[in-house]
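Mind looking at a prediction? Sequence and model below.
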Amino acid sequence: MKKAWFTRTVARLESEHLSRMGMSLPIGALLVVVAADLMAGRDHFLTPGIVVAPALASITVNWRRTLVVSLLGAAVQAALSPYDGVTDIPDHDVLFGQLFAYGLVCVFSVYIAWRRETGAKAYTAISSVAEAAQHALMQPPAPRVGPVRVAARYVSAADAAQIGGDLYAVLETPHGVRALIGDVRGKGLAAVQTSAVVLGAFREAAYDEGGLDRLAARVDTSVRRHVTGGDFITALFAQFDAPCGSVELLHYGHVPPLLVSRDGSVTRADPAEPWLPLGLADMVAGGPTPWRVPLRPGDVLVLCTDGVIEARDPRDGAFYPLAERVGPLVAGRGGDLDSAVEGLYADLLRHAGGSLSDDVILLLLAPDGPGDGAGEAARAGDAKAAGDAET
């Protein structure tokens, strides 16, 4: 939550800075019109061009500053009217017409600035509430969960909502460290409600059920019991036993994980028997079979949702080549998972042209193993941080 507070504070300061900088545009327009009018001489009446100043202010500053710019523009026109000879014109309809047009533009400019400012405040309020809801629902894991180091990046395609249908959780249980990543079909509030059902069932059953297949079956039962309307959830379950010489995986129609070794080589951990998503598993007899993937010191398990592999390059429509990019981006960070996940997301965003059309989760899991230098370094760092905190 400290990170969220810091982010909001920085955003507020940036907004205030931009607001101050935004005054330079309408004031600059005023100065340009005044200079042009004075240089053109008394035979040329250019002050009606000041009407652009409040219009520019309405899209760059708040309504109060827009009103100030409007009044300043009116004062400038009044001051230049004798110089331009406007007050000497017998027919005052020209002057009245100019004042009416300028006043009308000012009123609409202040109104537009007010509406824009009100909308921005509403957007900020929605974002703050959604951010709190995301933290309550997702409960982002600590950098270390038992013997497993964790780094995650969650991004919702709905900017204002900041939450969507993708979900993940990493828990330390009596049965080992258990992880879940999933993707709900659909968007909006219904998808968030389904995510809550899945995560709630997983967090409860992860401590009780001894086998990964039994854990998944219990989550699937909750989904079929509480989720209606034909919705389903692709999911992947993982369990790290101590010592972490391997990871047990269970597949429910989700994107297969990738295993990145210390030298940057990438192995795709495909299930021997892919299975249907949660909520649809009762359509066929039987159930999915867990399988194990061996782990070596320095290995990093990369889990993601389909928003990652389906992100398209706007130039040629090519999908994001995760398997080709993930090796150097993860292994090249020297065991720093936070840096690796941020670098991977930045590369994904560049590929997608700066915006994503679907929710995205990148989850990196690096279990400690015998002789794992990165794990030893991480444990030493944790011990040092704890000692500093006590001091």
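Great, that's in hand.

chain center to the helix or strand hosting residue 39: distance?
Using DSSP states H and E, residue 39 falls within helix 24-40. Taking the mean of its C-alpha atoms, helix 24-40 sits 42 Å from the chain's own mean (Cα atoms, centre = their mean, to the nearest Å).

ok, and what's touching whatever helix or strand comes next after it?
Heading C-terminal from helix 24-40, the first helix or strand you meet, by DSSP H and E, is helix 52-58. The contact list for helix 52-58 (Cβ atoms under 8 Å, 6 or more residues apart in numbering) reads 22-23, 25-27, 29-30, 33, 65-66, 69-70, 72-73, 105-106, 108-110, 112-113, 116. To be clear about C-beta, it is placed using only N, CA and C from the backbone, and glycine gets the same treatment.

give me that answer again for 10 Å
With Cβ atoms under 10 Å, 6 or more residues apart in numbering as the test, helix 52-58 has contacts from 22-23, 25-33, 63, 65-74, 76, 102-103, 105-116.

What about these, which are in helices?
Secondary structure assignment by DSSP state H places 22, 25-33, 63, 65-74, 76, 102-103, 105-116 of these in helices.

Now, of the residues you listed, which are buried?
Burial by neighbour count, judged by 16 or more other Cβ atoms under 10 Å, picks out 22, 25-27, 29-30, 33, 63, 65-70, 72-74, 76, 102, 105-106, 109-110, 112-114, 116 from these.

so how far is residue 38 from residue 82?
13 Å (Cβ to Cβ, to the nearest Å).

out of those two, which sits in the more crowded spot?
residue 38 (14 against 11; other Cβ atoms under 10 Å).

didn't that one look like it was pressed against residue 79?
No: between residue 38 and residue 79 there is no contact under Cβ atoms under 10 Å: 11.2 Å.

Would you map the strands across the stretch 101-250 of the chain?
144-145, 148-155, 166-173, 176-184, 233-240, 246-252 (DSSP state E, counting those that start in this stretch).

remind me which residues of this protein are low pLDDT?
By pLDDT under 70, the weakly predicted segments of the chain are 1-21, 43, 85-95, 123-136, 157-164, 188, 369-391.

Surely residue 340 and residue 365 touch.
No: the pair residue 340 / residue 365 is not scored as a contact, 11.5 Å apart, by Cβ under 10 Å.

Quickly list what's touching both of these two.
When contacts are counted by Cβ under 10 Å, 6+ apart, residue 340 and residue 365 are jointly contacted by 151, 300, 302.

Now for the residues you listed, which sits with the most neighbours around it?
Counting neighbours by other Cβ under 10 Å, residue 300 leads these with 27 neighbours.

now it: how far from residue 39?
As judged by Cβ to Cβ, residue 300 and residue 39 stand 67 Å apart.

on that earlier part again, please tabulate the strands of the stretch 101-250 of the chain in TSV, including the columns distance to residue 51.
TSV is the format used below for the strands of the stretch 101-250 of the chain (distance: least, Cβ to Cβ, whole Å):
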stretch	distance to residue 51
strand 144-145	62
strand 148-155	42
strand 166-173	49
strand 176-184	51
strand 233-240	56
strand 246-252	63
